[in-house]
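> what follows is a protein structure lacking sequence information:
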């Protein structure tokens, strides 16, 4: 997208005055729409639309053997793909590199460190038979359309998809002579277990445009942004991680505090809206199931 | 496993010559010039069109006609199979080439010299008939973008199982490895622009299956055209133009 | 009412919705048929090349009114473009169409070799297309036919709205659409409507520009009465 100097100067002025081209303030998000259960073949799925950005996340629960370091825990595997439909290749950015970058950023937010600390999901709840079998959640995200705020939308959709995930009930029958237990999966969706996603954080990207700090920049505003910080915040406003965006401009240390503070204030607000939409979606689904 | 029951019903309850339920939606993605969603049964494909625009690699532009480029991707969650290695496989390159071939016959490329039209296809779920769905989705996206075309192009697949030609195979039926044919047709000009047949078969069988597939194309073309006209009508009605 | 694809007619039915590839007319052996955008002669038939509504102009030309995002340059159009490259005697200007246009460096009102506007890549211009053939780059100029400025020229700070050709046609209709009339009655701003799907709003303070841009973007799908109401609501919310 070509942006003339006049437009850039105009957008900059708008941010300084606290007014953006669609009438939002610097700290306002575009309307966030979340829809659950978009993919019937997955254990859980969600679609998130923030303005023109659209992402789809699918969660498939698979039975695998646990790792040697954590025999009593399950696992999460994350992969983000950017669809060619998003047209980013035409703007000179490689889809695959961007996919890898987004995967790493989302992993930092959702996954735990190697020593098991910092995780947001209780992985020990995913264990089936210690040392033999556990659930691994394969989270696959697809970016269909990108109009800025892609990482934030991905984290919202990932959290919603995890909330929508149903883990089938497993019956472990007696072990035979080899010591391998037989696993029987219960297909009934009403017997399935849900994940506790209360501690899953959401990523808020705070960007600096001129002297102002703003969230949710669309594609053309993003072209005018200077430094950008991706902050993971949970529902209680606690920081779960902060990373400077890969190609961000240098950041002045004094702005750091302000940006973190802004993310801590706005994150919980976003999460409340997300929880409300998830609740609505779940209520509608249970009504439909009863009918 | 029996693919056609004694009562004449297939595993998903269809008759042998019945097409799956088709669904078409337009303007589903906002960042491109035209986009569409095409769904046949469970197979769901998005297509986005960018163009006509300046060729991004100057050397590739053709002086007397437009350059059609096609990108194909399927989501990691699009098949029930275990996750395989992502990236460009031979099959995806071939599919992209098939879609591009069908579109080159359809788009009036002589009207847009030195320009480029890029078609991007994203498969969300693959339940058989993927090639046909990709071509149909691409056609709908091209129509949504207003790019000049000679005619619509509609594609459909058909196969041969248990000594009977079956229309629009789903994944389970196609996985048996029997004959599967994919055909694309220009309905108004009445000409075939793509024919792809896998597996050995006698000439009679091939003819029977191809004829069935062509009938499927005509039915699909009718459904796609209706959906397109409905979309134009609703846009025009909202503007007060009709 | 819509046409079946194979139904060829002796005379086309206007103001009906058509799909691509529909035959609207069987071309006569001899004689003239005047044809505009969206139609193509193939064999003995006149076929549509895109979906839309079949219309006939007052001059008797048949064309298909469709929704097209990408701009195809045509002589006489007024366009809003962005300067991409600067050469010694011309600028390359991006119009959002398939090719960049050429703007001669002296094609401004009162420009001479010594005294001419100095545009750099990234500047916006409002210009008129003078030549647009299929095989060559389109040419544009910032003067009207007699050499006067007539509102063309470089554009200062403002917001550029990208919209479809349908909205642009509405904005350029005369008399001006109710949305523009209502906004103009209440606010002071400048509008440059480019037929390449770009509309520049400027020369006003930022809140006015934002309001006007949003009102125009929203007005495409509204009927005249609804557009009036929308503008009233927007103005009321700003004054509040």
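Yes, it's here. Remember, predicted model here, so these are calculated numbers, not experimental data.

> ok, how many other residues are close to residue A:65?
12 (other Cβ atoms under 10 Å in any protein chain shown). For glycine as for every other residue, the C-beta is placed from the backbone atoms N, C-alpha and C.

> and the helices in chain B, which stretches?
B:90-106, B:130-145, B:171-174, B:203-239 (DSSP state H).

> let me see the contact set for residue 55.
Chain wasn't specified; assuming chain A. A:47, A:48, A:141, A:142, A:143, A:144, A:150, A:153, A:154, A:157 (Cβ atoms under 8 Å, 6 or more residues apart in numbering or on different chains).

> correction: the question concerned chain B.
Contacts of residue B:55 by Cβ under 8 Å, 6+ apart are B:61, B:67, B:114, B:115, B:116.

> so which of these also contact chain C?
B:114, B:115, B:116 (Cβ under 8 Å from any Cβ of the partner chain).

> what's the closest non-adjacent residue to the last one?
Counting by Cβ to Cβ, 6 or more residues apart in numbering or on different chains, residue B:55 is the residue found nearest to residue B:116 once chain neighbours are left out, at 4.2 Å.

> the residue in the stretch 101-250 of chain A positioned nearest to chain C - how many residues pack around it?
Nearest residue of the stretch 101-250 of chain A to chain C, counting by Cβ to the nearest Cβ: residue A:220, 9.6 Å away. If you count neighbours by other Cβ under 10 Å, residue A:220 ends up with 17.

> that's a helix at it, yeah?
Yes - counting by DSSP: H, G, I helix; E, B strand; the rest coil, one finds residue A:220 located in a helix.

> quick revisit: quick check, pLDDT for the residue nearest to residue B:116.
Turning to residue B:55, the model gives it a pLDDT of 80.

> am I right that the residue of the stretch 101-250 of chain A closest to chain C is in contact with residue A:14?
No - the criterion here is Cβ atoms under 8 Å, and residue A:220 misses it with residue A:14 at 11.3 Å.

> overlap in contacts, those two.
Common neighbours of residue A:220 and residue A:14 (Cβ under 8 Å, 6+ apart) are residue A:21.

> off-centre distance for the top helix by length along chain C?
Counting by DSSP H, the longest helix found in chain C is helix C:224-239. Remark: helix C:224-239 is offset 25 Å from the chain centroid, using Cα atoms, centre = their mean, to the nearest Å.

> that helix near chain B at all?
Yes - Helix C:224-239 reaches chain B (Cβ under 8 Å from any Cβ) through residue C:224.

> residues near the closest residue to chain A within chain C, how many?
Residue of chain C nearest chain A, by Cβ to the nearest Cβ: residue C:122 (3.9 Å). When neighbours are defined as other Cβ under 10 Å, residue C:122 has 16 of them.

> swap in residue A:188?
Counted with other Cβ under 10 Å, residue A:188 comes out at 8.

> without its sequence neighbours, what residue ends up closest to residue B:176?
residue B:161 (6.4 Å).

> so what's the residue nearest in space to the middle of chain C up against?
The centroid of chain C falls nearest to residue C:195 when counting by Cα atoms, centre = their mean (1.6 Å). Residue C:195 makes contact with C:71, C:74, C:77, C:78, C:79, C:165, C:168, C:172 under the criterion Cβ under 8 Å, 6+ apart.

> quickly list what residue 36 is bridged to.
Reading this off chain A. Residue A:36 forms beta bridges with residue A:46, as assigned by DSSP bridges.

> nope, chain B
Applying DSSP bridges, one finds that residue B:36 bridges with residue B:26, residue B:47.

> which pLDDT value goes with the residue sitting furthest away from the middle of chain C?
In chain C, the residue that sits farthest from the middle, by Cα atoms, centre = their mean, is residue C:29; the gap is 35.5 Å. In this model, residue C:29 is scored at 79, pLDDT.

> look at it and tell me its secondary structure.
coil.

> what's the burial count for residue 121?
Let's take chain A. 20.

> wrong one, chain C
16.

> what of residue A:210?
15.

> cool, and residue C:49?
That count, for residue C:49 with other Cβ under 10 Å as the rule, works out to 25.

> now do residue B:58
8.

> next one: it from residue A:285, what distance?
From residue B:58 across to residue A:285, the span is 52 Å (Cβ to Cβ, to the nearest Å).

> how about the helices of chain B in CSV, adding mean pLDDT?
Compiled in CSV, those are given as follows (pLDDT from 0 to 100):
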stretch, mean pLDDT
helix B:90-106, 91
helix B:130-145, 95
helix B:171-174, 89
helix B:203-239, 91
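
> and those helices: which comes nearest residue C:102?
helix B:130-145 (26.0 Å; Cβ to Cβ).

> now do the same contact list for residue B:169.
Contacts of residue B:169 by Cβ under 8 Å, 6+ apart are B:128, B:129, B:157, B:158, B:159, B:161, B:180.

> quick one: least confident of these?
Lowest confidence among the contacts of residue B:169: residue B:161, with 86.

> does it touch residue B:4 like I think?
Yes - in this structure, residue B:161 is within contact of residue B:4 by Cβ under 8 Å, at 7.1 Å.

> any idea how far the helix or strand containing residue A:268 is from the chain center?
If you go by DSSP states H and E, residue A:268 is part of helix A:253-290. With Cα atoms, centre = their mean as the basis, helix A:253-290 stands 11 Å off its chain's centre.

> if you count neighbours, what's buried in that helix?
A:255, A:259-260, A:262-264, A:266-268, A:270-271, A:274-275, A:277-278, A:281 (16 or more other Cβ atoms under 10 Å in any protein chain shown).

> what's the next secondary structure element after the lowest-mean-pLDDT helix or strand in chain A?
Within chain A, no helix or strand scores below strand A:183-186, which has a mean of 76 by mean pLDDT, DSSP states H and E. Next along the chain after strand A:183-186, taking DSSP H and E as the criterion, comes strand A:193-194.

> what's that following strand packed up against?
strand A:166-167 (3 or more Cβ pairs under 8 Å, 6 or more residues apart in numbering or on different chains; DSSP states H and E).

> pull the residues that contact the strand it packs on.
So strand A:166-167 is contacted by A:43, A:44, A:61, A:126, A:135, A:189, A:192, A:193, A:194, A:195 (Cβ under 8 Å, 6+ apart).
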